[in-house]
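**Q** give the three-dimensional model of this entry:
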Amino acid sequence: MGKRIGISYWGFCQQFEDCNIANTPDGHRYGRPMMVDEMLKRKHEVIALQERRELTPYPGLLYDDDGYPDLDILFIEWRWPTWKNSGPKSFESDLKRQVDLLDHYHGKIPIIAWDTDLQITVTDEKRWPEMIVADPCFDPVTLTKKRHRLTWWSDFSEFFDSCEGSVMYGYIGNNYSREKQFLKYYASVSQSFRHVGIQTMVYGNWMQHSPERPHPRIVVQGYPNIAFVDRVGFFESMKVLNRFICTTHISKESYSERGNVTVRFFETLACNVPALVPADFYAADILGDDWTVSSTADVFDKVFYLMKLSGEERKNVVDEQRYSFRKYHDFHVASAVDFIESFV
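**A** From the prediction side, this is the model:
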């Protein structure tokens, strides 16, 4: 029998081809519609409880951004205080709505808080002690209670075939807390790549001025051999990713230590792009031992090797990485929905 599932997210739930809004940090546009589709397939009623940001309603998804409908369970993609949603000049409603939902439903129905950015605090856990906390790490954080592991997920469909003739080594991601890894795995190798006809490309918010990060002028001066491009819409970013020879999955230090296999791993597989994994990542061999890197020289050697392959040969590499990835853990969206259902 279907259940009434409330979901709270601050982002977009759209068909991939419709994901054209660029200026948003929403990191879950890839997996969210898959989760909703899987829930609808199981005859659940799914209600989005934050302000709708997608231009048109997602097929089958219901919306209620100011009420408190009867629910069997509430699934929250955790939000935390930022300069946009808290303080005297705040202009986004996600945090206030999340707090209101938690205060209303706590103790009445199961609430799963999925802490994808590892931002839940001791204060949060004490304020809502019956909240079920999960995070995507292989080694979940422990504060006042034991957490559940709920990894990012996929249906493992593929967007594109591998491209031919690429000359770009690239990174799609914003300028947040990855300075050491960015320097080691991208900036330090960028000049050597130019000498052999490979351009290092970076897409994201690097050229946008913000109080949260260095001024774009400093970024350009610091990385003279890298071409920086502004954010593009999600589906356009997947087309860009598909044109890369390869990418390297750099992570925040806490993600690397605990094994937060971020959505970027799933996106590269969907785009049929080979990826490299730093050796200090918790699950460094998740794409296979051959694709672990520990130095700038490793990155150069592997990317240069991949550049010389045909599109079909690079697709074979991705197929091997996909096999290793799926063997390492069950990342299928069906298992994620099984997890949510288990608390109803």
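**Q** so who does the most centrally placed residue in the chain touch?
**A** Centroid-nearest residue in the chain: V263, 3.4 Å away (criterion: CA atoms, centre = their mean). Contact partners of V263, counting by CB atoms under 8 Å, 6 or more residues apart in numbering, are G27, H28, Y30, G31, W152. The C-beta positions use only the backbone N, C-alpha and C, and glycine is treated the same way.
**Q** okay if I get those as a markdown table plus distance to Y186?
**A** Below are the contacts of V263 laid out as a markdown table (distance: CB to CB, whole Å):
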| residue | distance to Y186 |
| --- | --- |
| G27 | 19 |
| H28 | 24 |
| Y30 | 22 |
| G31 | 25 |
| W152 | 22 |
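**Q** check these against R52 and report the nearest one.
**A** Closest approach between the contacts of V263 and R52, by CB to CB: H28, at 15.5 Å.
**Q** check which helix or strand covers that closest one.
**A** If you go by DSSP states H and E, H28 is not part of any helix or strand.
**Q** could I get the full set of helices for the chain?
**A** Secondary structure of the chain (DSSP state H): helices located at 32-41, 94-105, 122-127, 179-182, 188-195, 216-222, 234-242, 253-258, 263-270, 296-307, 311-328, 333-341.
**Q** could you dump those helices to JSON lines with mean pLDDT and distance to G2?
**A** As requested, the helices of the chain are arranged in JSON lines below (pLDDT from 0 to 100; distance: least, CB to CB, whole Å):
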{"stretch": "helix 32-41", "mean pLDDT": "98", "distance to G2": "9"}
{"stretch": "helix 94-105", "mean pLDDT": "98", "distance to G2": "19"}
{"stretch": "helix 122-127", "mean pLDDT": "98", "distance to G2": "30"}
{"stretch": "helix 179-182", "mean pLDDT": "92", "distance to G2": "44"}
{"stretch": "helix 188-195", "mean pLDDT": "97", "distance to G2": "52"}
{"stretch": "helix 216-222", "mean pLDDT": "92", "distance to G2": "49"}
{"stretch": "helix 234-242", "mean pLDDT": "93", "distance to G2": "29"}
{"stretch": "helix 253-258", "mean pLDDT": "95", "distance to G2": "35"}
{"stretch": "helix 263-270", "mean pLDDT": "96", "distance to G2": "27"}
{"stretch": "helix 296-307", "mean pLDDT": "98", "distance to G2": "46"}
{"stretch": "helix 311-328", "mean pLDDT": "98", "distance to G2": "29"}
{"stretch": "helix 333-341", "mean pLDDT": "98", "distance to G2": "10"}
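**Q** need the winner for burial among the ones you listed.
**A** Comparing the helices of the chain by mean neighbour count (mean count of other CB atoms under 10 Å), helix 263-270 comes out on top with a mean of 22.
**Q** quick one: contacts for the residue lying closest to R194 once chain neighbours are set aside?
**A** The shortest distance from R194 to any non-neighbouring residue, by CB to CB, 6 or more residues apart in numbering, is to N225 (5.5 Å). Going by CB under 8 Å, 6+ apart, N225 touches A187, S190, Q191, F193, R194, T200.
**Q** pull the most distant pair out of those.
**A** Once CB to CB is applied, the contacts of N225 give A187 and R194 as the farthest pair, at 12.2 Å.
**Q** need the residues touching each of those two.
**A** Counting by CB under 8 Å, 6+ apart, the common neighbours of A187 and R194 are T200, N225.
**Q** all strands for the stretch 1-150 of the chain, in order.
**A** 4-8, 45-48, 62-63, 73-77, 111-114, 132-135, 148-149 (DSSP state E, counting those that start in this stretch).
**Q** listing partners with orientation, what would you give for the second one?
**A** The reference is to strand 45-48. Strand 45-48 pairs in its sheet with strand 4-8 (parallel), strand 62-63 (parallel), by DSSP bridges.
**Q** looking at it, V240 is touching R231, isn't it?
**A** No - using CB atoms under 8 Å, V240 is not in contact with R231, being 10.7 Å away.
**Q** name the residues contacting each of those two.
**A** Common neighbours of V240 and R231, using CB under 8 Å, 6+ apart, are Y203.
**Q** from T116, how far out is the residue nearest to L143 when sequence neighbours are not counted?
**A** Nearest residue to L143, sequence neighbours excluded (CB to CB, 6+ apart): V122, at 5.1 Å. Distance, V122 to T116, using CB to CB, to the nearest Å: 18 Å.
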